[in-house]
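# Everything below, folded, please.
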Amino acid sequence: MILACAVYRLALSLWVGGIALFTFVVTPVIFRTHGRDAAGKIVGSIFPVYFRYGLVLAVLALLARIAAGEAFHGAHRWVGTLLIATAVLLTGYQAFGLAPRMERVKHSVASFETAPPDDPARKEFSRLHGTSMVVNLVVLLEGVALVVASDSLGR
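Numbers count the residues shown, from 1 in each chain. Below is the predicted model:
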């Protein structure tokens, strides 16, 4: 149980820290230091790894929570377990549904620097990007809530 609690906390920390680092540090720096098209290519090439990283760590956290015997005892535990399960589903959607669709649409825009704002593919990419940002924020907030509540796990 002690090992499972440690694995849970480590997976949770790496998962939430990775989301925060990529969202608030790495991506803004890339877009600040490169043109929009180049930055989009760089970030787009990181996304598959980023989403799978988050998915693996979220699943690991869920499994460790279950192994620690802390997943289903009482309302507080159930809420935490549901938060992780929801994050797993949302991250899976990003990795295997949303990100591939965004990549396909992005390839139909010759250049985001020169395409007019009313270009249908550019508008569709913007819509998908907005959805992705909201999903990423929801997953981050779920993770933060789990980190805040994790001090009670294993007591």
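# Next, the contact list for the nearest residue to residue 124 once chain neighbours are set aside, please.
Distances taken as CB to CB, 6 or more residues apart in numbering place residue 105 nearest to residue 124, at 5.1 Å, with adjacent residues excluded. In short, each C-beta sits where N, CA and C put it, glycine included. Counting by CB atoms under 8 Å, 6 or more residues apart in numbering, residue 105 makes contact with 121, 124-125, 128.
# And the longest helix seen in the chain, what's buried?
Among the segments of the chain that qualify as a helix by DSSP state H, the longest is helix 36-67. Neighbour counts over helix 36-67 (16 or more other CB atoms under 10 Å) mark 37, 39-40, 43, 47, 50-51, 53-55, 57-65 as buried.
# Equivalent analysis for stretch 72-79, please.
Buried, per 16+ other CB under 10 Å, within stretch 72-79: residue 77.
# Pull the residues that contact that stretch.
Applying CB under 8 Å, 6+ apart, the set of residues contacting stretch 72-79 is 66, 70-71, 81, 149, 152.
# so how far is it from its chain's centroid?
A distance of 23 Å separates the centroid of the chain from that of stretch 72-79, by CA atoms, centre = their mean, to the nearest Å.
# do the same with stretch 28-46
18 Å.
# coming back round to it: helices and strands around the longest helix of the chain, which ones?
The contact analysis (3 or more CB pairs under 8 Å, 6 or more residues apart in numbering; DSSP states H and E) places helix 36-67 against helix 2-21, helix 27-33, helix 74-93, helix 99-107.
# how distant is that helix from the center of its chain?
The answer for helix 36-67 is 6 Å, by CA atoms, centre = their mean.
# angle of that helix against helix 74-93?
Computed by axes from the mean of the first three to the mean of the last three CA atoms, to 10 degrees, the angle separating helix 36-67 from helix 74-93 equals 140 degrees.
# Now for the nearest residue to residue 98 once chain neighbours are set aside, how many residues are close by?
Computed as CB to CB, 6+ apart, the closest residue to residue 98 that is not its neighbour in sequence is residue 132, at 5.5 Å. By other CB atoms under 10 Å, the residues close to residue 132 number 18.
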